[in-house]
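Trainee: Next one to model:
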Amino acid sequence: MKAVRALAVLLVVCLFAPSCGEPPSSPVAPAVPPAAMPAPQAHYNGTWQPPALLVCSDLPYATKTRTIGPAGGRIRVGPHVLRIPRGALDTATQITMTMPRGRGVNAVHFEPEGLRFNESAALTMSYANCSLRGRRQPKRIAYVDESLNILYYLLSRDNIHSGRVTGKVDHFSDYVIAW
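Mentor: Residues are numbered from 1 along each chain as shown. I've put the predicted structure just below:
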């Protein structure tokens, strides 16, 4: 009986997983950094739930550009903030952080696209304007493509008391809050 249940669970996970164990393939997706979590899979909370983006009300469009160098620094747009530690960048770099609107999720986009850090930066995103719909699953920051498909999750820490989740960012691209 236990073997049948285990086989049923494995079958459900394979149905919801994008490719059942193979890494996501995308011409623009970088290799999964060591701090990343595997591609999204179904999770169990009384019933099996597929991975999903957190549904949020729109925040106002905002963008900010700052030059950050080897000493590190931070950039804030709306309720979201990126902290770049000392030594993460070798030279002064102009960084743009944009918070788009009209997508139904809390998202941020960074430029220059593909910028890599020597040490992980910390991206903290608020989900105070999001619908939790009675769910208690931890929130995570997901690296997504332009169509908001989850490519992988960042190593994330959810602070339910502040309504914020923080993830380790090793490169620039698009990020959203997910279940």
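
Trainee: can you pull the buried residues of stretch 62-77?
Mentor: Buried residues in stretch 62-77, defined by neighbour count with 16 or more other Cβ atoms under 10 Å: 62, 68, 73, 75, 77. Any C-beta I mention is one placed from the backbone N, CA and C, and that applies to glycine too.

Trainee: Distance of residue 57 relative to residue 65?
Mentor: Here the criterion is Cβ to Cβ, to the nearest Å. By it, residue 57 lies 26 Å from residue 65.

Trainee: one step back: which one of the buried residues of stretch 62-77 sits closest to residue 145?
Mentor: residue 77 (20.7 Å; Cβ to Cβ).

Trainee: confidence score at the closest one?
Mentor: Looking at residue 77, its pLDDT is 97.

Trainee: for residue 157, same thing?
Mentor: pLDDT at residue 157 comes out at 96.

Trainee: For burial, what's the neighbour tally of it?
Mentor: If you count neighbours by other Cβ atoms under 10 Å, residue 157 ends up with 16.

Trainee: Name the nearest residue to it, sequence neighbours excluded.
Mentor: Once flanking residues are discounted, residue 157 sits nearest to residue 166: 5.2 Å by Cβ to Cβ, 6 or more residues apart in numbering.

Trainee: Quick check: bridge partners of that neighbour?
Mentor: residue 124, residue 157 (DSSP bridges).

Trainee: Show the residue spans covered by the helices in this protein.
Mentor: 2-16 (DSSP state H).

Trainee: quick one: the strands in it?
Mentor: Ranges of strands in the chain, per DSSP state E, are 36-37, 43-44, 48-49, 62-68, 73-77, 80-84, 93-99, 107-111, 116-126, 140-144, 150-154, 156-159, 164-171, 174-178.

Trainee: Adding distance to residue 113, write the buried residues of stretch 62-77 out as a markdown table.
Mentor: Formatted as a markdown table, these follow (distance: Cβ to Cβ, whole Å):
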| residue | distance to residue 113 |
| --- | --- |
| 62 | 19 |
| 68 | 16 |
| 73 | 20 |
| 75 | 16 |
| 77 | 17 |
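
Trainee: ok, residue 133 to residue 153 distance?
Mentor: Taking Cβ to Cβ, one finds residue 133 at 20 Å from residue 153.

Trainee: for residue 176, same thing?
Mentor: For residue 176, the distance to residue 153 - Cβ to Cβ - is 11 Å.
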